[in-house]
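Asker: Need coordinates for the below:
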Amino acid sequence: MIQNEAHWYALHVKPHKERAVYEQLLARDITAYYPHVRVKPKNPRSRKERPYFPGYLFAYINLVEYGVNALSWIPGSHRLVEFGGQPAIVPDQLITQLQETIATQNEAQLSLNKFKKGDKIRIIGGAFDGYDAIFDTQLTDGDRVQVLLSFLSRYPQPLQLDADDIQLT
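Answerer: Numbering: from 1, shown residues only. Now for the predicted structure:
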């Protein structure tokens, strides 16, 4: 049974249309949440954000006021997520928790972007604590980096570390 008050609902959208549908919802004065994380693509022309839930976003809406099918007519959207033929309500607490988690991930990504290839860094954790190295690259998982360390050789050797274990010198 549809309740006569606003709730968060998950909206299924077409592939790669999350941002467009989100903007359409905002243009219609519907509160929406598009969970996405910042990424550093290898190709500079590629997208700098990636959906946290590809193919889904959230809308805070009163379905009695707008109608159950109102969101299905937005270009790029499919339908509301339903269980047993009823639109599934997403708890407010889940949305709040999701917003906090994604904000933390995006802050971590921004802090990694402060390093550029060739930057002199200091290792501040792990077995190589206190050594100086050269930043090489961020690894694909985002939590690890590769640095070049001159240790027991005059040629720098690649070393993979947790991103939290380095700082600029």
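
Asker: Could you list the low-confidence segments of this protein?
Answerer: Within the chain, the stretches with pLDDT under 70 are 1, 40-42, 108-113, 140-142.

Asker: what about the helices in it?
Answerer: Counting by DSSP state H, the segments of the chain that form helices are 18-27, 63-66, 92-112.

Asker: Tell me the gap between stretch 154-169 and the middle of its chain.
Answerer: A distance of 25 Å separates the centroid of the chain from that of stretch 154-169, by CA atoms, centre = their mean, to the nearest Å.

Asker: rewinding a little: determine which stretch of the helices of the chain is the most buried.
Answerer: Stretch with highest mean neighbour count among the helices of the chain: helix 18-27 (a mean of 18; mean count of other CB atoms under 10 Å). Where C-beta positions appear, they are placed from N, C-alpha and C, glycine not excepted.

Asker: The spatially most central residue of the chain pairs with what?
Answerer: Nearest to the mean C-alpha position of the chain, by CA atoms, centre = their mean, lies V37 at 1.6 Å. Note on V37: beta-bridge partners by DSSP bridges are R50.

Asker: circling back: in JSON lines, list the helices of the chain along with distance to Q146.
Answerer: JSON lines is the format used below for the helices of the chain (distance: least, CB to CB, whole Å):
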{"stretch": "helix 18-27", "distance to Q146": "31"}
{"stretch": "helix 63-66", "distance to Q146": "50"}
{"stretch": "helix 92-112", "distance to Q146": "12"}
